[in-house]
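[1] give me the fold of what follows.
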Amino acid sequence: MAKYALCIGINDYPGTGSDLAGCVNDANDWASVLVERGFSVRRLRDRQATGKAMREAIEATVVGARPGDIVVVQYSGHGSFVPDDNGDEPDGTDECLCPYDIRAKGPITDDELFELYSARQQGVKLFLISDSCHSGTVAKFAPITTPPTAQGPRAPQRKVRFLPPATFLSRREAGKLGVRRAVRPSSPPGRYAALLMAGCQDTEYSYDAFFRGRPNGAFTFVALRALAALPARATYAAWFKAIRKALPSQQYPQAPNLYGSRSMKQWKVLA
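    This is a model prediction of the structure:
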């Protein structure tokens, strides 16, 4: 059995005015943990993570795996949505990931990701980690007490990892989206071609946060902290349950989700 991982982190979005701070740290943190667990890891960060490079790297990582292998694809950066052109979405939009060159080359839609992930051989376990927004907002929940976020007059401001479609779509395409999206059942990037752990619901924001003065995704920080405390041979369902003890919180009102079949959720974590 071989283990392969692709870690993608994008802070810089030229021409959008929507740069982030914690995504490259996320990718590096996930990569370090995965290397410790025996994965061969490739990283794409900032200007390396163009749409073309992301598609090619995802395809190579997924297609190169053999039955019995484990593949992890991790993404931290902006998420967004675009008009649905093939009629497979109830609300008329497709979720998407935002590459470094989204202004020039456009996003990567969930339909594209579904095709890329579906190219895996039967018997390959594919686990996806997405610390990005899809859309929308959500009410506040109980406060999180540990660890504290950066505070004080000069403390960095948290940001949401959502890039408004008007930032990169033509006026005509953006006009197809209407003024709001309906709350609906999730149809996440990748669907059930893989097991996906996402930082928020389709109708929420994921937050670019600061912990102990260092930028990270709120979901990534909590997920890695929970992973470190898991017992041996824990399942993804158990890991997810541990994550949901900390999120959503008052500071970070995002509810992570675990998308996949019942049997996928019972896979042993990263094993």
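[2] without its sequence neighbours, what residue ends up closest to Arg43?
    Cys7 (4.9 Å; Cβ to Cβ, 6 or more residues apart in numbering). The way it works is simple: take the backbone N, C-alpha and C, and place the C-beta from them, glycine included.
[3] again, but for Ile10
    Gly77 (3.6 Å).
[4] and for the one you found, the neighbour number?
    Here the number of neighbours of Gly77 (other Cβ atoms under 10 Å) works out to 33.
[5] from what I see, it and Gly51 are in contact.
    No - Gly77 is beyond contact range of Gly51, at 11.7 Å (criterion: Cβ atoms under 8 Å).
[6] name the residues contacting each of those two.
    Pro99 (Cβ atoms under 8 Å, 6 or more residues apart in numbering).
[7] might you report the residue contacts of the residue nearest to Arg43?
    Counted by Cβ under 8 Å, 6+ apart, Cys7 has contacts 27-28, 30-31, 34, 41-44, 74.
[8] phi and psi next, for it.
    With angles defined as degrees, to the nearest 10, Cys7 sits at phi -110, psi 120.
[9] ok, Gly199 touching Gln254?
    Yes - using Cβ under 8 Å, Gly199 and Gln254 qualify as a contacting pair, with a distance of 6.1 Å.
[10] the two: which has the busier surroundings?
    The neighbour comparison of Gly199 against Gln254 (other Cβ under 10 Å) goes to Gly199, with 32 against 28.
[11] which residues of the protein score low on pLDDT?
    84-93, 134-158, 174-192 (pLDDT under 70).
[12] mind listing the helices for it?
    Remark: helices assigned in the chain by DSSP state H are 23-36, 51-63, 102-105, 110-118, 171-175, 218-229, 236-243, 262-265.
[13] ok so, going back, could you work out the most separated pair of the contacts of Cys7?
    Leu34 and Leu44 (14.2 Å; Cβ to Cβ).
[14] quick one: neighbours of Trp239, just the number.
    Applying other Cβ under 10 Å, we find 20 residues neighbouring Trp239.
[15] surely it meets Ala228?
    No - Trp239 lies out of contact with Ala228 (Cβ under 8 Å); the separation is 10.8 Å.
[16] ok, back up a step: and the residue nearest to Ile10, how far is that from Arg45?
    The spacing between Gly77 and Arg45, counted by Cβ to Cβ, to the nearest Å, is 10 Å.
[17] repeat that for Tyr117.
    If you go by Cβ to Cβ, the gap between Tyr117 and Arg45 works out to 22 Å.
[18] again with Glu112
    Glu112 is 21 Å from Arg45, by Cβ to Cβ.
[19] same question for Gly217.
    14 Å.
[20] what about these two, which has more around it?
    Gly217 (32 against 22).
[21] wait, the more buried one sits on Asp26?
    Yes - the pair Gly217 and Asp26 qualifies as a contact (Cβ under 8 Å) at a distance of 4.9 Å.
[22] list residues touching both of those two?
    76, 131.
[23] how close does the nearest residue to Leu230 once chain neighbours are set aside get to Arg214?
    Nearest residue to Leu230, sequence neighbours excluded (Cβ to Cβ, 6+ apart): Trp239, at 5.8 Å. According to Cβ to Cβ, Trp239 and Arg214 sit 23 Å apart.
[24] could I get the contacts of Cys7 as JSON lines with neighbour count?
    Output for those, formatted as JSON lines (neighbours: other Cβ atoms under 10 Å):
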{"residue": "Ala27", "neighbour count": "29"}
{"residue": "Asn28", "neighbour count": "15"}
{"residue": "Trp30", "neighbour count": "28"}
{"residue": "Ala31", "neighbour count": "21"}
{"residue": "Leu34", "neighbour count": "22"}
{"residue": "Val41", "neighbour count": "19"}
{"residue": "Arg42", "neighbour count": "14"}
{"residue": "Arg43", "neighbour count": "18"}
{"residue": "Leu44", "neighbour count": "22"}
{"residue": "Gln74", "neighbour count": "25"}
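[25] for Val71, list each beta-bridge partner.
    Tyr4, Leu126 (DSSP bridges).
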